[in-house]
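[1] next input, structure requested:
(2 chains)
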Amino acid sequence: MLPLTIPFLATIGLATLGYFLGRSRAISVAGRDMRLLNALPHQHGLNTCFSTLLPPLAVMLIWALAARIASRKDVLLAPENPTLVYIILIGLAVAGLGLSMMRISRDFRARNASERWIMGLLIFASTVAILTTVGIVLSMVSETLNFFGQHDWKAFFFGTTWSPSFSGRGGDSQLGIIPLLWGTLYISFIALAFAVPVGLFAAIYLSEYASPRLRSIAKPMIEILAGIPTIVYGLFALLTVGPLLRDVFAEPMGLGDSASSVMTAGLVMGVMLIPFVSSLSDDIINAVPQSMRDGSLGLGATPSETIRQVVIPAALPGIVGAVLLAASRAIGETMIVVLGAGAAARLSLNPFEAMTTVTAKIVSQLTGDTDFASPETLVAFALGLTLFVITLGLNVLALYIVRKYREQYE
Amino acid sequence: MTDLSASKSGSLLTEDKRTAKRNAAEKRFRAYGLGAILLACLMLVLLLISIVTNGASSFKQTYMAFPVTVSQEEFDAAEGSILKTGAYNKMLQSALMDYLVANDLLGDATEDDVKNMISGEAAADVRRMLLANADVIGTEIDFSLLANGRIDGYFKGRVTRETAALDTKITAAQLDLADRMTEDGSMVTRFNWSFFTNPDASVQRPEAAGLGVAILGSLYMMAVVLCLALPIGVAASIYLEEFAKKNWVTDVIEVNIANLAAVPSIVYGILGLAIFINFAELHQSSPLVGGLVLTLMTLPTIIISTRASLKSIPPSIRDAALGVGASKMQSVFHHVLPLAAPGILTGTIIGLAQALGETAPLLLIGMVAFVKEYPAAYSSELGLFGEASTALPVQIFNWTTRSDPAFVERASGAIITLLIFLLMMNALAIFLRKKFERRW
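    Below is the predicted model of the structure:
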């Protein structure tokens, strides 16, 4: 670990000092007549402050990263003696302070100089989003390649059995993704089969029929569902929905005796998705121009005929986009399936049987004692990458459709 | 008119068959819509009822009150023994026995029955209290001690005489004794403050489990998220909304942000595990790592809402500032940003509320660990926010995986606590929006 705390605090101290020094020097340069200065003393101070602060901070960041990478390859970038690090970093701060102080004169355009520093900070902040994506992809790709070095990729993508060996050392683990994908898709399908009609009808009623009074009550009610954390839905599935479905449907119909099932997780996830579908569809239905409704109503269609034959067809691309976004959300949902769907990977059509999903298996493979050399742990990264690629594909497609649709009526 | 209404094509006043069918279809369609809304609301109500009926009882706890006298010799002997709490446990058990015999409450309960009435956690509480005030040693102290989880369950309806008959950890005699002690006033059920302050407890002692560490851990993480996500998010939005030129780089950034908002949360957990724990070697289960992961998750939400509120500030404000000689940067920081602040704040609070309820990524970075000690915000060897901790939603998950039904009650109680926190945050956001929102 690089000893960075002391240089960090020292740099911040110097930068604070720099602000006041720069300011007072600007005032003295002006000879107390501010009109002679090109920039305000405050801006001179800011420029000195940033010149002192930012170069050492940037060096610290890059150095820390480089030292991390180097230490993984057993090269030591951090010297044994921290004094050298102190001298370099604090020296850099003092140099920045001195140089920017020397530049202060009546004609120095301190406002432009300080704003360039701020601009740099703003640009850096907006690259964090890119860095996050790069981090996600890099972290998963490298471990996934690692995994495929130990486990046949064909067996992973086309294997129909999921049975990791728990000893960790055995090569007898069968890690096929097909049963997990099946569980994921089955649960998502049930969730969407519940959420899409309910959400869509709710959105239609709220935007086309409801009185302002009903709308002001019902819309927040539905939106509360969106604000509830998924762990709460998970517990709802585990405590209430699961036992209820088992006692009312599964056992009398002879379909199984498990409280955790595809149906449980699917229905609860459907409830979670209702506000998602309804608020997106609401936006989209509202974007359909009123003139189209008026035209249809003027020809004698009833409101419901107008909705079915004019509004919905016009809004269809947007609604498809909303459903795709909901599907991506369903596929990536974790806590509901961890608590509601069960842990057994199986390929079955019976919705009252316990199955498991990609996300639930990522959690079970990566919690507890993990050994990053065994394929049983590394498979989680391959699962994660598969999940990321699927949801990314759905999101990009959905965003593209929604954007295209918005442009149509703008 | 009468001619027309009497004509063959039908009356305007009486529906013909086709119109009746169309009107019926209209009514049905409306009913479907209303039904959908009612179904959604019904689900919300069911969800809340389910959580409240399961969890409300966790805010009450059964305590036993009886006098205990610990002499100096007993205290020294207990502190000198290897199993310190075991020694205190014996003292408490004999004190309880004496109290029951003296008040003629014992009935048919055996000595073992009496011993198991007291929670295993009670001895540790007593020891802590005696170590803190040594001057009470030798005097008679009226302790109020946690009763065993099953006894507690009996008063909450979770344990009944039928289930007790099948349960090896509780006997009918103990339940009779509990009833007698209640009449006597030495067993009371009262509000459970320690639920909010106690740390987690072992699987055998659900009665002592609390949310203290989890609430503290969640607070630390929210502090990290607020300190990082707000400045970075606002800076990124300002750049993208006010300065960035329209080219492919900014396009890539924008598409990227929209995508990051929809990436499954578990993927952020994998990112945290690979980057922050394996690569940067930060400490597992620390609020710092949790906060960093949640920051990355919350950033897109904050950026999207900040950009929306920056966009809603009319260009005339910017033009006016530029017209009197402000630089572009000054117009943004002195005029646009203060006007957009309420919107930014609202978006940030909603983002924080989302982060507070997030569970899945925290599971992967090891926040499920059993943590008994309150984490310090700073420690010299582990750094800022480096001590192991849990978080509210993870604690809930942790409790649901335990087999004792008393933990289900605790988990539901924790959910009520979490929902109250979320409700307060959202109410604050709505209040801020209502109070400061300006329509241009």
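
[2] for the residue in the stretch 51-200 of chain B that chain A sits nearest to, what are its contacts?
    Across the stretch 51-200 of chain B, no residue is closer to chain A than residue B:54, which sits at 6.0 Å (CB to the nearest CB). The C-beta positions use only the backbone N, C-alpha and C, and glycine is treated the same way. Contact partners of residue B:54, counting by CB atoms under 8 Å, 6 or more residues apart in numbering or on different chains, are A:239, B:408-409, B:412.

[3] in the strand or helix carrying it, what counts as buried?
    Secondary structure here is read from DSSP states H and E; on that basis residue B:54 sits in helix B:17-55. Of all the residues in helix B:17-55, those buried under the rule 16 or more other CB atoms under 10 Å in any protein chain shown are B:22, B:26, B:29-30, B:32-34, B:36-37, B:39-41, B:43-44, B:47-48, B:50-51, B:54-55.

[4] strands - which of the contacts of residue B:54 land there?
    Taking DSSP state E, every one of the contacts of residue B:54 sits outside strands.

[5] helices or strands next to the helix or strand where residue B:426 lies in the packing?
    Under the criterion of DSSP H and E, residue B:426 resides in helix B:405-436. Packing contacts for helix B:405-436, counted by 3 or more CB pairs under 8 Å, 6 or more residues apart in numbering or on different chains; DSSP states H and E, involve helix A:230-236, helix B:17-55, helix B:149-155, helix B:194-197, helix B:337-357, helix B:392-400.

[6] what average pLDDT does the first one get?
    Along helix A:230-236, the predicted confidence averages to a pLDDT of 94.

[7] the second one now?
    Taken as a whole, helix B:17-55 carries a mean pLDDT of 93.

[8] residue of the stretch 301-410 of chain A closest to chain B, please.
    residue A:332 (2.5 Å).

[9] I'd say that residue and residue A:391 touch.
    Yes. Taking CB atoms under 8 Å as the definition, residue A:332 is a contact partner of residue A:391 at 5.2 Å.

[10] what sits up against stretch A:279-290?
    Counting by CB under 8 Å, 6+ apart, the neighbours of stretch A:279-290 from elsewhere in the structure are A:199-200, A:203-204, A:206-208, A:222-223, A:226, A:311, A:314-315, A:318-319, A:321-322, A:325-326, A:402, A:405-406, A:409.

[11] oh, I was asking about stretch B:247-263
    The set of residues that contact stretch B:247-263 without belonging to it, under CB under 8 Å, 6+ apart, is A:126-127, A:129-130, A:132-133, A:136, A:325, A:328-329, A:332, A:388, A:391-392, A:395-396, A:399, B:240, B:244, B:296, B:299-301, B:303-304.

[12] give me that answer again for 7 Å
    Under the contact criterion CB atoms under 7 Å, 6 or more residues apart in numbering or on different chains, stretch B:247-263 has outside partners A:126, A:129-130, A:132-133, A:325, A:328, A:388, A:391-392, A:395-396, A:399, B:240, B:244, B:300-301, B:303-304.

[13] ditto for stretch B:207-226
    The contact list for stretch B:207-226, computed with CB under 7 Å, 6+ apart, reads B:61, B:119, B:121, B:146-149, B:152, B:194-201, B:287-288, B:290-292, B:294-295, B:298, B:352, B:355-356, B:371, B:374-375, B:377, B:385, B:389-392, B:395, B:410, B:414, B:417.

[14] one more: stretch A:118-134?
    When contacts are taken as CB under 7 Å, 6+ apart, the neighbours of stretch A:118-134 outside the stretch itself are B:232, B:235-236, B:238-240, B:243, B:253, B:256-257, B:260, B:296, B:299, B:329.

[15] now it: buried residues?
    Of the residues in stretch A:118-134, those buried by neighbour count under the rule 16+ other CB under 10 Å are A:118, A:121-122, A:124-126, A:128-129, A:132-133.

[16] which parts of chain B belong to which domain?
    According to automatic domain parsing, chain B comprises the domains B:62-190, B:212-436.

[17] most tightly surrounded among those?
    Among the domains of chain B, ranked by average contacts under mean count of other CB atoms under 10 Å in any protein chain shown, first place goes to domain B:212-436 (a mean of 20).

[18] pLDDT on that domain, on average?
    Throughout domain B:212-436, pLDDT has a mean value of 91.

[19] gap between the two ends of it?
    End-to-end distance for domain B:212-436: 35 Å, by CA to CA, to the nearest Å.

[20] pull the distance from stretch B:147-154 to the chain's centre.
    Per CA atoms, centre = their mean, to the nearest Å, the displacement of stretch B:147-154 from the mean C-alpha position of its chain is 24 Å.

[21] can you tell me what sits against it?
    Residues beyond stretch B:147-154 that count as contacts (CB under 7 Å, 6+ apart) turn out to be B:61-64, B:116-119, B:159, B:169-170, B:174-175, B:178, B:187, B:205-207, B:404, B:406.

[22] stretch A:223-232 too?
    If you take CB under 7 Å, 6+ apart as the criterion, stretch A:223-232 is touched by A:271-272, A:274-276, A:279, A:333, A:335-336, B:40, B:44, B:51, B:353, B:357, B:359, B:393, B:396-397, B:415, B:418, B:422, B:426.

[23] do that again at 6 Å, thanks
    A:274-275, A:335-336, B:44, B:357, B:359, B:393, B:396-397, B:415 (CB atoms under 6 Å, 6 or more residues apart in numbering or on different chains).

[24] which positions in it come out as buried?
    By 16+ other CB under 10 Å, the buried positions in stretch A:223-232 come out as A:224-225, A:227-232.

[25] let me see the contact set for residue 93.
    Because you didn't say which chain, this covers chain A. For residue A:93, the contact set (CB under 6 Å, 6+ apart) comprises A:11, A:14, A:52, A:56.

[26] oops, I was thinking of chain B
    Under the criterion of CB under 6 Å, 6+ apart, the contact list for residue B:93 reads residue B:115.
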